[in-house]
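Chemist: Dropping the sequence and predicted coords here.
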Amino acid sequence: MIEFDATERGVAAARADTLVIGLFDDDSLSGSARAVDTLQKGRLKAMRKRGDLSARLGDVTLVPDPVGLKVERLLVVGLGPKKDYGRRQYRKSLSAALAVVVKSGARRLALALERPPSTQLDDYYLGRTVAELTGAALYRINDLKSVRKPRLSPLARIEVLAPVASRADLRRGFAQGAVIAEGQ
């Protein structure tokens with residue numbers, strides 16, 4: 001069972017195996033990407049300028065051993081154009097990130113993806129979306145395979161680093177999303 005939690009602590013205080021941040025395709029860094037770039041003394045801007053980071057929706061870049069952070073890996077996910085960013089784009093970028101996290105063997109994940117406006121993704125649906133997509137990323141059907149069973153992902157905790165208006169709604173979303181994922 002995965003433990004879900006949320007905090008408004010910034011990326012500098014995140015303690016996890018992997019930190020996930022988003023990157024829009026305009027030339028500026030915003031939100032958590034800007035904070036991480038500041039902690040890394042401009043490393044993200046330099047990587048972007050060289051073409052090492054893609055901001056195309058769903059593209060994922062794993063940055064091992066990030067400096068200035070208390071995490072082992074930094075995962076940068078493309079969010080696409082900022083003007084088009086909404087619930088659908090959030091789900092696609094989160095799904096792409098979770099696919100990589102599950103394969104990486106991470107036990108704890110700090111999720112600092114930019115949230116769409118609350119009219120599109122309120123606190124309840126944020127929690128539900130994170131739990132549902134996590135369940136989908138972890139799901140494996142091994143009964144029909146004759147080869148050795150793959151080992152299960154050790155992912156045990158996801159902490160959402162985002163401001164929330166109602167922690168109760170977020171927790172209710174986490175709980176219902178986990179039940180929906182289990183049912184699927």
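Modeler: On my side now, so go ahead.
Chemist: only C-alpha atoms for contact and neighbour calcs from this point on.
Modeler: Noted.
Chemist: pretty sure residue 153 contacts residue 101?
Modeler: No: Residue 153 is not in contact with residue 101 according to Cα atoms under 8 Å; the separation is 9.1 Å.
Chemist: Just want to know which of these two has more residues nearby.
Modeler: It is residue 101, of residue 153 and residue 101, that has more neighbours when counted by other Cα atoms under 10 Å, with 26 against 17.
Chemist: and the more buried one, how far is that from residue 111?
Modeler: Distance of residue 101 to residue 111, given as Cα to Cα, to the nearest Å: 11 Å.
Chemist: Repeat that for residue 61.
Modeler: Going from residue 61 to residue 111 by Cα to Cα gives 15 Å.
Chemist: Looking at those two, which has the bigger crowd around it?
Modeler: Just comparing residue 61 and residue 111: by other Cα under 10 Å the higher neighbour count belongs to residue 111, 26 against 18.
Chemist: That one and residue 170: what is the separation?
Modeler: 14 Å.
Chemist: List the contacts of residue 72.
Modeler: Residues near residue 72 by Cα atoms under 8 Å, 6 or more residues apart in numbering: 16, 17, 18, 64, 65, 66.
Chemist: So the fifth one is in contact with residue 73, correct?
Modeler: Yep, that's residue 65 we're talking about. Yes: using Cα under 8 Å, residue 65 makes contact with residue 73 at a distance of 5.7 Å.
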